[in-house]
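Asks: my questions are about this predicted structure, shown below with the sequence.
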Amino acid sequence: MAENLRIAIIGAGMGGLATALSLAKAGHKNITIYETAPGLGFVGAGIQLAPNMARILDRLDCWKQIAAEAVQCADTSIREGSSDKELGHVTLEYVEKTYGYPHMVGHRASLAGAMYDGCLKESGIKFELGSVITEAEFGAKPSFKLTPLKSPDEERRVECDILLACDGVKSQTRVSLLQTLGETADVKDSGQAAYRIMLTREQMQHDPELIALLDADSVTRWIGEKKHIIAYPIHNKQIYNISTAQPDVNFAGAPNSTYTTKGSKTAMMDVYGDFCPMIHRMLDLVPDGEVVEWKLRVHEPLSTWVLDSTALVGDACHPTLPHLAQGAAQAIEDGAVLGVVLDPKRIADCEPATINKALKIYEKVRKERAEALVELAAENGRSMHLGSGKAKEERDKIFAALKSGKGPVPDKWADADVQRMIYGVDITAEAENLCKEEGFVAKL
Ligand SMILES: Cc1cc2nc3c(=O)[nH]c(=O)nc-3n(C[C@H](O)[C@H](O)[C@H](O)COP(=O)(O)OP(=O)(O)OC[C@H]3O[C@@H](n4cnc5c(N)ncnc54)[C@H](O)[C@@H]3O)c2cc1C
């Protein structure tokens, strides 16, 4: 019976949780999520919750819980970092009317926590936390080595019928899969790093300009040469979430595995030294010793995401710069599509060839779209980070036209045409349609 096929999911991040939940909702009863972390504390910063993500989470019965704590964005303001002068302003109220869900911002803990709670309600999903997965092997019955964190000498090989690798940007499964194909996954140096900061209402309350930012329903982006800051209130406006992007100097020579480090407050203040005094006051609220810097990692597009009965999911196959705020949304879209193509009724004969066909349809629905958005995010970074010169003059003319109500928004995530392309696509329906077109329908 296809619903009893052994499905192994590596990684309980955004992609892994969404994939498990959507497979369980499709009727699968034997799903195991293997995760290195011994507990799912879900720390981390804020995250934009775009309508394409919300639509899927609503179908998976976890959107209401997330939305209850999230902040609905009324507008976005794009400003010059050095002067705080507004370059562009876009209202976002139309988003809900047009796409059925508002554009919201929230806490990662609440997004992942709601998906985790959803998984716990499904008897078909089991968690094996504290399990390090390595040495994946492919074929009709994929397998991998599981090393328990607590008792490394009890390592064992695990076999499954379907392997879904949601193991993030540093995916070991991606490396093994490409090695098996005789290919490499070249890490592309983004040259960028990010500070991720959360300020509390208490920290900001003595500064009227800063508290006004926390009380607004806005996503604000301050831009400058080779850098920007994006910020918004989360957690019922009790926390101001700030994420930056600047040239990477600290990780340039670091080994591949390093991607987060304790940053220096002096270095952070220097990088944004040419931004306006309000931003200095804001960054100065970060306590000494609590500056954390992240390397922003991407890699070249892969030739394939699928080998036999194995597929890569989320950042494992399409890591992105955060400049379009779509990384997690795209991992969740992957999960939704896997729920459609691997519906037990479609793969009722349980044949490896049928499973492979399902995974190939997943790749067909998702690869081109995800990779286009990865490129668009990189392009948005280039455009927001322009220094003086012709390209910047052109961009600023487009901003000026926008002020008088005409033309596109240079900050792509807020542009109506880009939003149509991202939010206007119901990826679950696209997957259903492609299955029909390819004659991949229920086998009863
Ligand atoms: C600064 C910044 C801001 C961002 N902002 C947004 C935003 O606003 N909106 C948005 O949609 N996206 C955003 N993103 C992107 C988003 O965070 C990622 O795209 C998303 O988390 C990817 O999910 P994932 O499940 O693929 O990987 P992850 O969330 O990284 O999960 C991978 C999981 O696999 C586990 N794992 C790894 N290796 C193993 C192993 N060998 N064995 C067992 N377990 C393993 C890890 O412990 C982890 O739990 C942002 C990213 C950054 C860096």
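Replies: Yep, that arrived.

Asks: which residues are in contact with Ala416?
Replies: Contacts here follow C-beta atoms under 8 Å, 6 or more residues apart in numbering; on that basis Ala416 touches Pro408, Val409. Quick note: C-beta positions are derived from backbone N, CA and C, even for glycine.

Asks: interface residues of the protein facing the ligand?
Replies: 10-16, 34-37, 47-48, 132-133, 166-168, 172, 194, 196, 243, 294, 296, 314-316, 322, 325-329, 331 (C-beta under 6 Å from any ligand atom).

Asks: any stretches of the protein with poor pLDDT?
Replies: Residue ranges of the chain with pLDDT under 70: 42-43, 251-260, 443-444.

Asks: list the buried residues for the longest helix along it?
Replies: In the chain, with assignment by DSSP state H, the single longest helix is helix 352-384. Within helix 352-384, the residues scored as buried using 16 or more other C-beta atoms under 10 Å are 352, 354-367, 369-371, 373-374, 376-378, 380-381, 383-384.

Asks: who are the packing partners of that helix?
Replies: With contacts defined as 3 or more C-beta pairs under 8 Å, 6 or more residues apart in numbering; DSSP states H and E, helix 352-384 has these neighbours: strand 306-307, strand 310-312, helix 327-341, helix 427-437.

Asks: enumerate every residue touching the closest residue to the ligand within the stretch 101-250 of the chain.
Replies: Per C-beta to the nearest ligand atom, Gly168 is where the stretch 101-250 of the chain lies closest to the ligand, at 3.1 Å. The contact partners of Gly168, by C-beta under 8 Å, 6+ apart, come to Gly11, Gly13, Gly314, Asp315, Ala316.

Asks: go with 10 Å
Replies: Applying C-beta atoms under 10 Å, 6 or more residues apart in numbering to Gly168 gives the contacts 10-11, 13-16, 36, 174, 259, 297, 313-316, 319, 331.

Asks: give me the subset of the residues you listed lying in strands.
Replies: Among those, the members found in strands (DSSP state E) are Ile10, Arg297.

Asks: what's the closest of the contacts of Gly168 to Val219?
Replies: Comparing the contacts of Gly168 against Val219 with C-beta to C-beta places Met14 closest, at 19.7 Å.

Asks: the closest one - how many residues pack around it?
Replies: 27 (other C-beta atoms under 10 Å).

Asks: assess the claim that it and Ala316 are in contact.
Replies: No. Counting by C-beta atoms under 10 Å, Met14 stays clear of Ala316, with 11.5 Å between them.

Asks: where do the contact lists of the two overlap?
Replies: Cys166, Gly168, Ala331, Asp334.

Asks: dig out what Gly224 forms beta bridges with.
Replies: Judged by DSSP bridges, the bridge partners of Gly224 are Lys227.

Asks: and Arg297, by the same measure?
Replies: Residues in beta-bridge contact with Arg297 (DSSP bridges): Asp189.

Asks: any idea how many residues pack against it?
Replies: 22.

Asks: that one contacts Asp186, correct?
Replies: No. Counting by C-beta under 10 Å, Arg297 stays clear of Asp186, with 11.9 Å between them.

Asks: so what's the residue count around the spatially closest residue to His385 that is not a sequence neighbour?
Replies: In space, and not counting its chain neighbours, His385 is closest to Lys226: 4.9 Å by C-beta to C-beta, 6 or more residues apart in numbering. Lys226: 16 surrounding residues under other C-beta under 10 Å.

Asks: how about the one 3 residues further on?
Replies: The number of residues packed near Ile229 is 24, by other C-beta under 10 Å.

Asks: tell me the contacts of it?
Replies: Ile229 is in contact with 79, 81, 194-195, 197, 220-223, 242-246, 272, 275, 279, 282-283, counting by C-beta under 10 Å, 6+ apart.

Asks: of these, keep whichever come out buried.
Replies: Applying 16+ other C-beta under 10 Å to the contacts of Ile229 flags 79, 81, 194-195, 197, 220-223, 242-246, 272, 275, 279, 282-283 as buried.

Asks: the residue nearest to His385 against Gly191, yeah?
Replies: Yes. Using C-beta under 10 Å, Lys226 is in contact with Gly191, at 8.9 Å.

Asks: common neighbours of the two, please.
Replies: Gln246, Pro247, Gly381.

Asks: helix, strand, or coil at Asp61?
Replies: Three-state call for Asp61 (DSSP: H, G, I helix; E, B strand; the rest coil): coil.

Asks: how near is it to Cys119?
Replies: Distance, Asp61 to Cys119, by C-beta to C-beta, to the nearest Å: 11 Å.

Asks: between those two, point out the one with more neighbours.
Replies: More crowded of Asp61 and Cys119, by other C-beta under 10 Å: Cys119, with 24 against 14.

Asks: quick check: closest non-adjacent residue to the more buried one.
Replies: Per C-beta to C-beta, 6+ apart, closest to Cys119 is Ile125, 4.7 Å.

Asks: beta partners of Gly46?
Replies: Note on Gly46: beta-bridge partners His107, judged by DSSP bridges.

Asks: look at it and say how many residues are nearby.
Replies: 28.

Asks: list the contacts for it?
Replies: 70-71, 105-111, 196-198, 230-235, 239-243.

Asks: in stretch 226-244, which residues are buried?
Replies: So for stretch 226-244, counting by 16+ other C-beta under 10 Å, buried means 226-235, 239-244.

Asks: next: stretch 281-299.
Replies: Neighbour-count burial for stretch 281-299 flags Met282, Leu283, Leu285, Val286, Val291, Glu293, Trp294, Lys295, Leu296, Arg297, Val298, His299 (criterion: 16+ other C-beta under 10 Å).

Asks: so the second one sits against Trp222, correct?
Replies: When you say that, I think you mean Leu283. No. In this structure, Leu283 is not within contact of Trp222 by C-beta under 10 Å, at 11.0 Å.

Asks: perfect, that will be all.
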